[in-house]
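S.K.: Model the following, please.
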Amino acid sequence: MTPEQWVFALANLVSPSFPADAVGPLRAMIPFLPREGFRSETLEAVAMAPRRQSVPALDEVRNAITSWLRDHQTRRPALTHDGQKLNDRQREHLACVVRSLPQSANPERTISVLHAVSGKDAVAELVQQFPEFRAVCERRGWLPVVVEPLTPEQRRQITEVCYRG
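M.R.: Alright, predicted model coming up:
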């Protein structure tokens with residue numbers, strides 16, 4: 001289902017008497033909604049979700065879609081390799097991504113595939129070569145979490161806050 005078809009169907013569901021009035025506001029939301037959310041299954045979730053007005057607002061539509069996607073996503077085993085050195089397959093994949101990334105029309109998607117297939121350590125090595133992608137990788141949670149031990153001052157502050165009499 002295309003985003004346009006989805007919008008027209010949703011307009012008919014949320015405003016059956018005046019669907020033409022609902023199409024404009026709903027069409028304006030298309031760029032802000034997850035691409036994988038334009039499916040017939042999400043129409044019911046959005047149409048049945050509580051809303052403040054007859055035509056749902058962007059937050060109402062997005063929340064209904066993301067909730068549905070989260071509840072119905074296929075569960076796959078995680079392929080992360082945190083804290084491990086990369087194996088030969090991961091190194092080959094990383095090398096392929098390094099070669100293709102400068103020409104990629106959608107670098108974020110390319111890095112997402114690297115993360116899904118080869119793990120956070122591979123993304124961390126990629127970011128060393130392409131620091132301009134650090135922000136998006138941190139925002140998306142694609143980099144390994146580095147946990148540093150607490151300093152004595154931090155321990156004192158935590159103790160003070162937790163054990164106030």
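
S.K.: hmm, who's touching the longest helix along the chain?
M.R.: If you go by DSSP state H, the chain has its longest helix at helix 58-72. Residues from elsewhere that reach helix 58-72, judged by CB atoms under 8 Å, 6 or more residues apart in numbering: 10, 26, 29, 32-34, 36-37, 41-42, 45-46, 49-52, 56. To be clear about C-beta, it is placed using only N, CA and C from the backbone, and glycine gets the same treatment.

S.K.: Show the contacting residues for the spatially most central residue of the chain.
M.R.: For the chain, the residue nearest the mean C-alpha position is Arg140 (6.7 Å; CA atoms, centre = their mean). If a contact means CB under 8 Å, 6+ apart, then Arg140 has Glu108, Ser112, His115 as its contacts.

S.K.: before we move on, what about Pro34?
M.R.: Contacts of Pro34 by CB under 8 Å, 6+ apart are Arg62, Ile65, Thr66, Leu69.

S.K.: ok, now Pro131?
M.R.: Not one residue lies near Pro131 by CB under 8 Å, 6+ apart.

S.K.: How much space separates it from Leu143?
M.R.: 12 Å (CB to CB, to the nearest Å).

S.K.: ditto for Ala116
M.R.: For Ala116, the distance to Leu143 - CB to CB - is 14 Å.

S.K.: cool, and Leu10?
M.R.: 37 Å.

S.K.: quick one, which of the two is more surrounded?
M.R.: Comparing Leu10 with Leu143 by other CB atoms under 10 Å, the one with more neighbours is Leu10, at 24 against 18.

S.K.: how far is the following helix or strand past the longest helix of the chain from where the chain is centred?
M.R.: Heading C-terminal from helix 58-72, the first helix or strand you meet, by DSSP states H and E, is helix 88-100. Mean-position distance between helix 88-100 and its chain equals 23 Å (CA atoms, centre = their mean, to the nearest Å).

S.K.: Following the chain onward from helix 88-100, which element is next?
M.R.: helix 107-118.

S.K.: Can you tell me what sits against that next one?
M.R.: Helix 107-118 is contacted by residues 79, 81, 86, 89-90, 93-94, 97, 100-101, 104, 122-123, 126, 133, 136-137, 140, 142 when judged by CB under 8 Å, 6+ apart.
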